[in-house]
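# let's see this in three dimensions:
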Amino acid sequence: MNLNHLKSFVAIVNHGGMIRASQQLHVTQPALSATLKSLESDLGASLFDRGRGSRPMKLTLEGERLYKRASAILTECDLAREEARSGIVVKERLRIGTLDSLPPAWVERLLQKARSASQQRQIEVWEGSAEQLAGWLEQQRIEAAISVIAEKSGHSKLLWREPFVAVSSPSHPLARRPGRRIRLLDLAGEPFVFRTSCEMSPVGEAQLRAAGIQLKTVVRAKRDNVAFQAVSQGYGLTLAPKSLVPKDLTALKVSGLSLSRTIGVTCRPELAKDLVKLLCAVARDVGTSPFPDRQPQNQ
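Residues are numbered from 1 along each chain as shown. Alright, predicted model coming up:
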């Protein structure tokens, strides 16, 4: 077993199979396959499940264990090579994953404070969906993720809970309701702007179906800025976490809608406890100002 074996194995995992890995490594697929077979022969274990229907390539238990070790080894080798070439001690790298539906200004402040609080580390931020962040954590490509977490999670630190609200233009008739409060039934028949990237969409749609409400979707937008621009121009209403509502739009409380999301910090188990505490402290500190109506959690 050598570094080339480990590099090839990690590339196959990261790129989801032989084709993309061979392209990334600039080797032929037969050569890459031969390298993998040599590694498995040396270890005396199969690293991938080659059963029928196993696409994309799925790791065996032995493969999962080796992937964690190999990723750490290759990272250390890269740091050692960089230090040797530059003569400068390379800072420890800390990659933080952030949910792509968090307010951009909040993420920007998080990065600034994390760098200030941990100057001996090289801070990187990877933005992605909840599913992507979970995968990156499992693959050890990031050290921590700020994302949607289960309500009761023993592996995550709760930061805040926030409700979903209906979002309208200030001129919309529903925006004039007392207390800016509407009923779930008020959404029936209203033109609707659907945020396709929302991680809570399946839950919200299920609640609406249970209430017998069928949305009249007129805009399907992947990017939140496009969705909110459509709302601002009067195309219709949308549903969104309260923290995302732009200042020029109106947030309406929806009686009968129990949709909410729970945001927290999830770290790799081997991450030092002092670093976990630092991340949570920074995230909570950043999170107290953008959402004055949200109740921060202290755990």
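# need the phi and psi values for the closest residue in space to G204 that isn't next to it in sequence.
What sits nearest to G204 in space, not counting adjacent residues and going by CB to CB, 6 or more residues apart in numbering, is L259, at 4.8 Å. For the C-beta atoms, the positions are set from N, CA and C on the backbone; glycine is no exception. L259 has phi and psi values of phi -70, psi 130 when expressed as degrees, to the nearest 10.
# begin at 9 from now on, thanks
From this message on, residue numbering opens at 9, which makes the last subject L267.
# right, and L267 touches E170 too?
No. Here L267 lies out of contact with E170, judged by CB atoms under 8 Å, at a distance of 10.3 Å.
# quick one: the helices in the stretch 9-158 of the chain, in order.
11-22, 26-33, 37-51, 69-94, 112-125, 138-146 (DSSP state H, counting those that start in this stretch).
# about what we covered before: count of neighbours near the residue nearest to G212?
Neighbour count of L267, defined by other CB atoms under 10 Å: 19.
# same question for the one 3 residues further on.
Other residues within reach of T270, judged by other CB under 10 Å, total 18.
# and it, which of the three is it?
Classification of T270 using DSSP: H, G, I helix; E, B strand; the rest coil returns strand.
# roughly how far does the residue nearest to it when sequence neighbours are not counted sit from L283?
Once flanking residues are discounted, T270 sits nearest to R169: 5.0 Å by CB to CB, 6+ apart. Distance, R169 to L283, by CB to CB, to the nearest Å: 25 Å.
# just A42 next, same as before
40 Å.
# who has more neighbours, the two?
L283 (16 against 13).
# just to check, the more buried one is in contact with L102?
Yes. With contacts counted by CB under 8 Å, L283 reaches L102, the gap being 7.4 Å.
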